[in-house]
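>>> Got a sequence here, can you model it:
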Amino acid sequence: MKALATLVIAGAVLACSESTGPTLNPLPILEAVAPATITRGTGPVTVIVSGRGFVPGTKILIDGVERATSVQGSGQASTRLEAPEVSVPRILGVATANPGPGGGTSGTVQVLVTNPTPAIDSIAPLLLAGGAPSTLVIHGKFFRTNSAVRWNGTDRPTRFVSDTQLEADLTAGDLTVAARVRLAVVNLALDGGMVEIRYPVYNPQPVVLGLSPGRAAVGGSGFTLTVTGEHFVPGAVIRWNGTPHPAVYHDSNLLTVTISASDLASPGVAAVAVANPDPALAPSSDSSFRVLPNLVLRLHARDLAWDAVRGRLYASVLSDDVRFGNQVVDIDPTTGAIVDSVWAGLAPAQLAISDDASLLYVAVDGEAAVARIDLATFKRNLLFAVGTGTFETLWAGDMAVLPGAPHTLAVARYSPNFSPHQDGVALYDDGVMRSVVTPRVQGGNLIEAASPTTLYGYDSETSGFQLYRMDVADSGLTVRDATEGLVQQYYADIRYGSGYIFSTEGTAIDAVSGRLAATVGVQGLVCPEPAGGKVYYMTHATLYAVSTATWTLSGTQPSPPGADPSWYSVTRWGDDGFAYVGPTEVVIFHSDLVTR
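Numbers count the residues shown, from 1 in each chain. Alright, predicted model coming up:
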């Protein structure tokens, strides 16, 4: 009996375990609600919930109240909020509930019904890096009494003016450097939250006050340009015709920049400006830098002279020139314009100008004479004959005006039909020859006045190649000494400058001692620097500059294209100008060798 009872109980248990009851609904899990924020006054709004365990009978609860719900599957359901329900700011509690058996209610997710998000329309004033503390005025909409202005993540003291205007106080520390800062207006969550923009603190607009140098020669080598001005900041660049060039920042008033030879390839006016790094108000206004052209004047000229007082070049023009034959022309070397001309006489040749630029002497070969031009009036005021020499009537060869004596001219007299052509050196006072003249073939055919009392002459016609020193006396000229070996070329030329006699073969002679000072290693048409310190040699291909302090080469540059200078014609003018006479033209150009 006991075993039977046990079996019955087991059967009963077995029967019970095999029976099926009602299916239990899962507990819903709410994962997200969209939208998470609703702007008041924008209803009706469809609220969509996402999660797991939704069933056909799932209901969405708003603040604990069941809503008419549409279930789209086990993971999504939706309901509708009418306009009155979202007309004021508040926090809505959203949940989901499944019916029994089983089921239950999910956790709650908050949805905010908020005032509109604030908006920024405009901001004043423009802010400059390094500026003083400033009040920022923000115009927009949907501002609240509790709105805060936030600057790079930090709230600043804020004043509510109206729902369209706020004011905020910035410190000098907020304006230390130029940047695009994070500027926000922050409302409480139900008051619309936060709007953030990038707002620039600008670098100031630079001002350029000066460029040094302010000009350079076309085709010149690169150089360092110094720019002075105001409001420069680190990272500023120089714009050369719009192209940025990295600059070296020295301080807020000084920049330097390397200008390359390619920047000087074409003549004209380069626009130079300074641009501070972004954010910046604007680059500076353009300043003009002149890239000076090579000027070519179609003149069949013979010689040139520079008038430093009036800033003029004078050229003697040969008889066959169709426009200015037998005249001396007055040239503005900065423009190449022929400003004036004066009749000199038949076949004008060599020129000699007094050191005070009051008088210009012109050898007039066609009249065996010398003409004199008063440079104050640019009129010829004297014409005198060179005189008769050993064999015939003489012409004026080379000429030199004595320093400090504008009315006294030394002339290397030239016998046109007899060789050697040199027929002594004579002094003329207002056209009257002093009685003592050096003998024929003594004194040289090329002369230079080294001082009021000393004249140098070189014999380039004969193999003696004598370099003469002559003494000036009231009666005329006498040869003090003659030295061989200092210059040794046929048709060489000599020029005096700063205590030296320079020759075209590259020798320099001390004008006081008469001894060789240096051999510089370059040859060419020679032109001393009027201010001293340099001497220049020009060939068809290259212009050389040599330091007279060290007798070493200080720089070179290519000669102007097509350079074909006459042997006696290279002239220095102005701050950095050169000019020479070619076969049928006068060429005027600039060189940075003067300042190197």
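>>> isn't there a helix covering Asp356?
No - under the criterion used here (DSSP: H, G, I helix; E, B strand; the rest coil), Asp356 is coil, not part of a helix.
>>> Run through the residues that contact it.
Residues in contact with Asp356 (Cβ atoms under 8 Å, 6 or more residues apart in numbering) are Val309, Pro406. For the C-beta atoms, the positions are set from N, CA and C on the backbone; glycine is no exception.
>>> Same question for the one 10 residues further on.
For Gly366, the contact set (Cβ under 8 Å, 6+ apart) comprises Ser319, Asn326, Gly345, Leu346, Ala347.
>>> Report the two of those residues separated the most.
Spatial extent of those (Cβ to Cβ) is set by the pair Ser319 and Gly345 at 9.9 Å.
>>> Comparing those two, which residue is more hemmed in?
Counted by other Cβ atoms under 10 Å, Ser319 and Gly345 do not tie: Gly345 has more neighbours, with 22 against 14.
>>> Quickly note the distance from the nearest residue to the more buried one once chain neighbours are set aside to Arg413.
Spatial nearest neighbour of Gly345, excluding adjacent residues (Cβ to Cβ, 6 or more residues apart in numbering): Val364 at 3.5 Å. Per Cβ to Cβ, to the nearest Å, Val364 is found 14 Å from Arg413.
>>> Same question for Ile501.
For Ile501 relative to Arg413 (Cβ to Cβ), the value is 21 Å.
>>> hey, what's in contact with both of Ser319 and Gly345?
Counting by Cβ under 8 Å, 6+ apart, the residues touching both Ser319 and Gly345 are Asn326, Gly366.
>>> number of nearby residues for the residue nearest to Gly345?
26.
>>> thinking it is in contact with Val370, fair?
Yes - under the criterion of Cβ atoms under 8 Å, Val364 makes contact with Val370 at 6.5 Å.
>>> what touches both of the two?
With Cβ under 8 Å, 6+ apart as the test, Val364 and Val370 both reach Leu383, Ala396.
>>> SS state for Pro416?
coil.
>>> swap in Glu85?
Glu85 ends up helix, using three-state DSSP.
>>> What sits closest to it if chain neighbours are left out?
Gly43 (6.4 Å).
>>> Then Ser252?
Per Cβ to Cβ, 6+ apart, closest to Ser252 is Phe232, 5.1 Å.
>>> Would you mark the buried spots in stretch 456-476?
When burial is assessed from 16 or more other Cβ atoms under 10 Å, stretch 456-476 yields the following buried residues: 456-461, 465-470, 472, 476.
>>> Kindly report the same for stretch 271-282.
Applying 16+ other Cβ under 10 Å to stretch 271-282 flags Val272, Ala273, Val274, Ala275, Asn276, Pro279, Ala280 as buried.
>>> picking up where we left off before, what's the closest of the contacts of Gly366 to Gly577?
Asn326 (26.5 Å).
>>> The closest one and Val317 touch, don't they?
Yes - at 7.0 Å, Asn326 and Val317 qualify as touching, with contact defined as Cβ under 8 Å.
>>> of those two, who's got more company?
Val317 (23 against 19).
>>> which ones are touching the more buried one?
Counted by Cβ under 8 Å, 6+ apart, Val317 has contacts Leu299, His300, Ala301, Arg302, Phe324, Gly325, Asn326, Gln327, Val328, Val329, Ser341, Pro348.
>>> now do 6 Å
Leu299, Ala301, Phe324, Gln327, Val329 (Cβ atoms under 6 Å, 6 or more residues apart in numbering).
>>> Keep only those of those residues that are in strands.
Ala301, Gln327, Val329 (DSSP state E).
>>> Just give the closest residue to the second one, not the sequence neighbours.
Residue nearest to Gln327 in three dimensions, not counting chain neighbours: Ser341, with 4.5 Å by Cβ to Cβ, 6+ apart.
>>> where's the one you found relative to Tyr249, distance?
In terms of Cβ to Cβ, Ser341 sits 52 Å off from Tyr249.
>>> the more surrounded of these two?
Neighbour comparison, Ser341 and Tyr249: the larger count goes to Ser341, with 18 against 14 (by other Cβ under 10 Å).
>>> strand partners of the helix or strand in which the more buried one is found, parallel vs antiparallel please.
Element membership for Ser341, per DSSP states H and E: strand 337-343. Take DSSP bridges as the rule and strand 337-343 pairs in its sheet with strand 327-332 (antiparallel).
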